[in-house]
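In: Give the three-dimensional model of this entry:
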Amino acid sequence: MSTLTIAAVQYDIYWLEQQANFDHLEQLINNHFNENSAVDLLLLPETFSTGFCINNKDVQEPEDGGLALTWLKKIAQQYNCVVAGTVLVSKNDKKVNRFYWVFADGTVEHYDKRHLFRLGKEQDHVEQGTSKKIITINGIKILPLVCYDLRFPVWSRNRQDYDLMVNVANWPALRRHVWDTLLKARAMENQAFVVGVNRIGEDGKNTPHSGGTTIIDFSGETIISATDNQQQIISTQLDFTKLDKFKHSFPAFLDADEFELH
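Out: Prediction:
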């Protein structure tokens, strides 16, 4: 398959109120699907069900699945698509920021956030992910990243192992320019489509978020973006034959440097 239809949800996350988030998301998603055709991939912001509360020991789900994973499975089955978002999950004596990818048949894949936000002391409460992950949907290869991962180009370097990069975040308004700039840079340097999904509103620590949810093509051009500070679902169909043609006409990837990750 050479196309993938993607929807990305930008919304204001209720702080530590899982059921309120589930109910609100269902309303937003239902309204969108009533007005638009079905999608292949539905993307939610980082820690979509609780907000980015890492220092509360009660904010974590068991590794074998909790309320958020159960809800993701429900939505994936209901709308016959892949649904993806991050959840704080218990691991060892800490937790991981786990990016779940849930398929309509109940299959679950995941990526654990690699780069932990030092300024927010994420490393004190969250265990670092160790493995890069590629998710395949309808033959399209996707690199999942979470928030702070966006700042580290080596981790996201395309070795011709993905076609689309997805980053979901709680990226604050104070550093919004960085978010906008790096999403475009990652698209251009890796010759891949990029989707960035961010929340809006103030979190429980009074940190404001302005959004910036966007879908960008391989040349760094914006395809569609959500309106700042508004709850909105954006969607589009990506045509990967255009990516193939672009890389054939401008094969910069052939001149990339070799390196090893440790």
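
In: What residues of the one helix or strand residue 26 maps to count as buried?
Out: Residue 26 is located in helix 18-35, with elements delineated by DSSP states H and E. For helix 18-35, the neighbour count (16 or more other CB atoms under 10 Å) marks 18, 21-22, 24-25, 28-29, 32-33 as buried. Backbone N, C-alpha and C define where each C-beta goes, glycine included.

In: what's the closest of those residues to residue 119?
Out: Closest approach to residue 119 among the buried residues of helix 18-35 (CB to CB): residue 21, at 25.2 Å.

In: The closest one reaches residue 44, doesn't it?
Out: No - counting by CB atoms under 8 Å, no contact exists between residue 21 and residue 44, whose distance comes to 9.3 Å.

In: roughly how far apart are the spatially closest residue to residue 71 that is not a sequence neighbour and residue 242?
Out: Leaving aside its sequence neighbours, residue 71 sits nearest to residue 22 (CB to CB, 6 or more residues apart in numbering; 5.1 Å). According to CB to CB, to the nearest Å, residue 22 and residue 242 sit 36 Å apart.

In: neighbours of residue 93, just the number please.
Out: 6 (other CB atoms under 10 Å).

In: Residue 44 is in contact with the residue nearest to residue 71, correct?
Out: No - at 10.9 Å, residue 22 and residue 44 do not qualify as touching, with contact defined as CB under 8 Å.

In: show me the contacts for the residue nearest to residue 71.
Out: With CB atoms under 8 Å, 6 or more residues apart in numbering as the criterion, the residues that contact residue 22 are 49, 67, 71.

In: Tabulate the buried residues of helix 18-35 (a markdown table), appending pLDDT and distance to residue 6.
Out: Converted to a markdown table, those look like this (pLDDT from 0 to 100; distance: CB to CB, whole Å):
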| residue | pLDDT | distance to residue 6 |
| --- | --- | --- |
| 18 | 98 | 25 |
| 21 | 98 | 21 |
| 22 | 98 | 21 |
| 24 | 98 | 21 |
| 25 | 98 | 16 |
| 28 | 96 | 16 |
| 29 | 96 | 14 |
| 32 | 90 | 12 |
| 33 | 86 | 14 |
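
In: thinking again about what came up before, quick one: which of the contacts of residue 22 has the most company?
Out: Ranked by neighbour count under the definition other CB under 10 Å, the contacts of residue 22 are headed by residue 49 with 27 neighbours.

In: Look up how far residue 87 lies from it.
Out: To residue 87, residue 49 is 7 Å away according to CB to CB.
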